[in-house]
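1. Here's my sequence, what's the structure:
(2 chains)
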Amino acid sequence: MSAIYKRDLRAYFTSPVGYVFIAAFLFVMNLVFFLMNMLTGENRLTTCYTIMLYAMMVLVPILTMRTFSEDYKQKTDQLLLTSPVKPAGIVMGKFLAAYTVFVITLALMLVQVIIIAAMSTPNAAIIVGNYIALLSAAAVYISIGCFVSSLTENQLVANIATLAINVTLFLLDFAYDLVNVGWIKQILYWISIYRRFNTFYVGVFSVADFVFYLCVSAVFLFLTVRVLEKKRWS
Amino acid sequence: MIEVSNLTKTYGKKRGIDRLSFTIGDGEIVGFLGPNGAGKSTTMNIISGYLSASSGAARIGGIDILEDPVAAKRQIGYLPEQPPLYLDMTVAEYLDFIFDLKVPAGELKRSAHIEEICELVGLKEHYTRVIRNLSKGYKQRVGLAQALIGNPEVLILDEPTVGLDPKQIIEIRNVIKGLGKNRTIILSTHILQEVSAICERVLVINNGQIVADDKPENLSSMITGDRKLTVRVAGPRDSVRKILRSIEGVRFADVTVQAEKGSYDFLVEARPNVDIRKPMFAALAKAGYPILQLKSMDLSLEDIFLKLVEEKKKQRDPHNKAPKKVPGEVALNVSGGEESAQEAYASPEPPEQSEEEAVSPAAEGKEEEI
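-> As a prediction, the model looks like this:
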């Protein structure tokens, strides 16, 4: 697993993908920070981080589109699947590499926190809550992206399909507000990914919501492992 | 070392391989010979754990590839038909990655091991180059180096010389031969000469089944039975033909074409197990007609195939006769082998026919059977 992790992480930075992702993310988020905080003198980063959630919805597919698709295309999946590594190890290696790129991006965003801290006294709990929420959300987005990438050898298809799933999940959240039928509302609440961020945003660490995100990520990673194993039987 | 029993792989309704069984001992170099689509790659993919069989089992060193895939794969070095290379890496980085991927920590000394392999496959000078920029031959070498990392006991090489130039083919063949001294190697190819050059044993596969399993020399003698030569002689056509036909052991001799001014090419066929080269030389020398060129007519893979498939069909005939009342089914059974062999090779004609056709234009109107 560590070999695959190291290779994939390195590959993000020997190709433009890693740089494009980080640059696009930082550009959007710093623009938002400038408009929402610098111009208005607002010291709470919550609005900025809420928008970051939507930016992730669009930008994370760039990060994950190549995880498996590129291996299928280059036939290097044949190397990985005939190596003495379990499919779960392959999936985790690739997932963690993509996740690390995101963590690096998020670490670069700490500059905003430093600026806010230099100019005012921000609420530490809210900032930590936001960061936990973002890291959890990233795990979900990246695992969905890995799963979709494992289904196709076309990176563009992987990108668009991941985006479509992310937007659908986002729309389900909207549906929650619009639907009045009790049991449907309840189901939508259970599967809602965005709604659960709210608790983190106000600085409350909700174990249930955190576990929910971990479980959603685990489900998609498990499905990815199954896809790899299924390839053998095709 | 490798034990394959009743391996079957179905793709939808089509059978990629059909109840394939064979055993390969320690240190053997075995060639899989067969046309495209015969099931060579499928078999190799199953043994290496990339694909799973629909039924049957494959064991490497006694370990079932499905029951303990990690332990089984640890014993295998696999070079697929298209080398699995990360083109954006340098050779050094790539081999380093493979080392991490395959070799348990502390088992081998990294730099010494990689250096040894690069030396073996001739990659030393290209060690720092990006794989994308390497020629096809060198990419193939990197693929081979990848398979060798971790000193696996079994090497599975799927068409290792395909697409290489003649010099590279010879080099890679020599490397493989050298590797075979202390390893079990399975090699697939559709080039007959490759099998005779490298392998100690040949498994001929067609339509997912083993058609023949023997040593290359036995296989070719089994198939040829008789011996055909092309000889270019400087001398009058009719006299030379007469001399050739008078040599003991010659079954057939005739002109194929006028090669140069005053010299002709003859196709000479000897009776089984008779070497006519020496008496032919003596007879022609005595008559004062020098031999300018002499070569044996090598059987091509399609010739071997058609013969083996025909033999197999003959063996099966008693069974096929039974359901003859269902003509469609019989036709399907009988034509299956031929069709795929013909599809895979350009020449749909059986070898005997094509040779006769080659003879007839030159020998037109002057034919007398010997």
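2. helix or strand for the residue nearest to A:Phe13 when sequence neighbours are not counted, which one?
-> Spatially, and ignoring its direct neighbours in sequence, A:Phe13 is nearest to A:Tyr19 (7.1 Å; C-beta to C-beta, 6 or more residues apart in numbering or on different chains). To be clear about C-beta, it is placed using only N, CA and C from the backbone, and glycine gets the same treatment. Secondary-structure assignment from DSSP states H and E places A:Tyr19 in helix A:16-33.
3. ok, residues contacting that helix?
-> A:11-13, A:45, A:48, A:51-52, A:55-56, A:59, A:62-63, A:66, A:101, A:104-105, A:108-109, A:112 (C-beta atoms under 8 Å, 6 or more residues apart in numbering or on different chains).
4. for chain B, what are the nearby residues on chain A?
-> Counting by C-beta under 8 Å from any C-beta of the partner chain, the residues of chain A close to chain B are A:2-4, A:6-7, A:10-11, A:14-15, A:74-86, A:232-234.
5. for the residue nearest the centre of chain A, what are its contacts?
-> In chain A, the C-alpha nearest the mean C-alpha coordinate belongs to A:Ala138, at 2.5 Å (C-alpha atoms, centre = their mean). Neighbouring residues of A:Ala138 by C-beta under 8 Å, 6+ apart: A:56, A:60, A:99, A:102-103, A:106.
6. In helices only, show me those residues.
-> In helices, judged by DSSP state H, the following of the contacts of A:Ala138 are found: A:56, A:60, A:99, A:102-103, A:106.
7. What subset of these is buried?
-> Applying 16 or more other C-beta atoms under 10 Å in any protein chain shown to the ones in helices among the contacts of A:Ala138, the neighbour count classes A:56, A:60, A:99, A:102, A:106 as buried.
8. Closest to chain B out of these?
-> Out of those, the one with the shortest distance to chain B is A:Tyr99. That distance is 19.5 Å, counting by C-beta to the nearest C-beta.
9. per-residue confidence for the residue nearest to that closest one when sequence neighbours are not counted?
-> Setting aside the residues directly before and after it, A:Tyr99 is nearest to A:Ile142 in space (C-beta to C-beta, 6+ apart), at 5.5 Å. Predicted confidence (pLDDT) at A:Ile142: the value is 96.
10. go on, A:Arg44?
-> According to the model, A:Arg44 carries a pLDDT of 79.
11. quick one, phi/psi of B:Val103?
-> Note on B:Val103: its backbone torsions stand at phi -100, psi 120 [degrees, to the nearest 10].
12. Pull up the per-residue confidence for residue 99.
-> Just going to use chain A. Predicted confidence (pLDDT) for A:Tyr99: 96.
13. Not quite, go with chain B.
-> On the pLDDT scale, B:Phe99 gets 94.
14. Now do the SS call for it.
-> Using DSSP: H, G, I helix; E, B strand; the rest coil, the structure places B:Phe99 in helix.
15. of all the buried ones among the ones in helices among the contacts of A:Ala138, which comes closest to B:His113?
-> Using C-beta to C-beta, A:Tyr99 is the member of those that lies nearest B:His113, at 31.5 Å.
16. Could you name the helices and strands sitting against the helix-or-strand element of chain A with minimal mean pLDDT?
-> Across the helices and strands of chain A, mean pLDDT, DSSP states H and E gives its lowest value to helix A:197-201, namely a mean of 76. Here helix A:197-201 touches helix A:46-64, helix A:124-149, helix A:207-233, going by 3 or more C-beta pairs under 8 Å, 6 or more residues apart in numbering or on different chains; DSSP states H and E.
17. Tell me how far the helix or strand just after the first one lies from the chain's centre.
-> As assigned by DSSP H and E, the chain's next helix or strand after helix A:46-64 is helix A:69-74. For helix A:69-74, the distance between its averaged C-alpha position and the chain's averaged C-alpha position is 21 Å (C-alpha atoms, centre = their mean, to the nearest Å).
18. per-residue confidence averaged over helix A:69-74?
-> 93.
19. And the contacts of that helix?
-> So helix A:69-74 is in contact with A:76-77, A:80, A:149, A:152-155, A:157-158, B:84-87, going by C-beta under 8 Å, 6+ apart.
20. Would you mind listing what in chain B touches chain A?
-> Going by C-beta under 8 Å from any C-beta, the residues of chain B near chain A are B:45, B:48-52, B:69-71, B:73-74, B:76, B:78, B:80, B:82, B:84-89, B:93, B:97-98, B:100-102, B:146.
21. What about those, which are in strands?
-> B:76, B:78 (DSSP state E).
22. Wait, A:Leu81 touches B:Asn45, no?
-> No. Look at A:Leu81 against B:Asn45 with C-beta atoms under 8 Å: they stay out of range, at 9.6 Å.
23. List just the nearest of the contacts of helix A:69-74 to B:Glu217.
-> B:Pro84 (34.3 Å).
24. What segments of the stretch 201-350 of chain B are helices?
-> Counting by DSSP state H, counting those that start in this stretch, the stretch 201-350 of chain B has helices at residues B:216-224, B:237-246, B:277-287, B:301-321, B:327-344.
25. Of all residues in the stretch 151-300 of chain B, which one is closest to chain A?
-> Closest contact between the stretch 151-300 of chain B and chain A, by C-beta to the nearest C-beta, is at B:Ile156 (8.7 Å).
26. Would you check that that residue makes contact with B:Met44?
-> Yes. Assessed by C-beta under 8 Å, B:Ile156 is found in contact with B:Met44 at 5.1 Å.
27. Spit out the residues that contact these two alike.
-> Residues touching both B:Ile156 and B:Met44 by C-beta under 8 Å, 6+ apart: B:78, B:186.
28. residues in contact with B:Ile185?
-> Under the criterion of C-beta under 8 Å, 6+ apart, the contact list for B:Ile185 reads B:28-30, B:154-157, B:176, B:179.
29. go with 7 Å
-> Contact analysis of B:Ile185 by C-beta atoms under 7 Å, 6 or more residues apart in numbering or on different chains lists B:29, B:155, B:157, B:176, B:179.
30. A:Leu223 now?
-> A:Phe147.
31. More neighbours: which of B:Ile156 and B:Met44?
-> B:Ile156 (27 against 24; other C-beta atoms under 10 Å in any protein chain shown).
32. need the contact list for that one.
-> B:Ile156 sits next to B:44, B:47-48, B:76, B:78, B:186 when contact means C-beta under 7 Å, 6+ apart.
33. next one: phi and psi at it?
-> B:Ile156 has phi and psi values of phi -120, psi 120 when expressed as degrees, to the nearest 10.
34. just to revisit the earlier point, inside helices: which ones of the contacts of B:Ile185?
-> B:176, B:179.
35. In terms of distance to A:Ile184, which of the contacts of B:Ile185 ranks first?
-> Minimum separation from A:Ile184 among those (C-beta to C-beta) is found for B:Leu157, which lies at 58.3 Å.
36. From A:Leu53, how far off is that closest one?
-> In this structure, B:Leu157 and A:Leu53 are 50 Å apart, going by C-beta to C-beta, to the nearest Å.
37. These two: which has the busier surroundings?
-> Neighbour tally, B:Leu157 and A:Leu53, criterion other C-beta under 10 Å: the higher count belongs to B:Leu157, 28 against 19.
38. So, low pLDDT: which residues of chain B?
-> Scanning chain B with the threshold set as pLDDT under 70 gives B:219-226, B:298-306, B:309, B:311-370.
39. Now that B:Ala72 has come up, it's in contact with B:Gly49, right?
-> Yes. With contact taken as C-beta atoms under 7 Å, B:Ala72 and B:Gly49 are classed as touching, separated by 6.4 Å.
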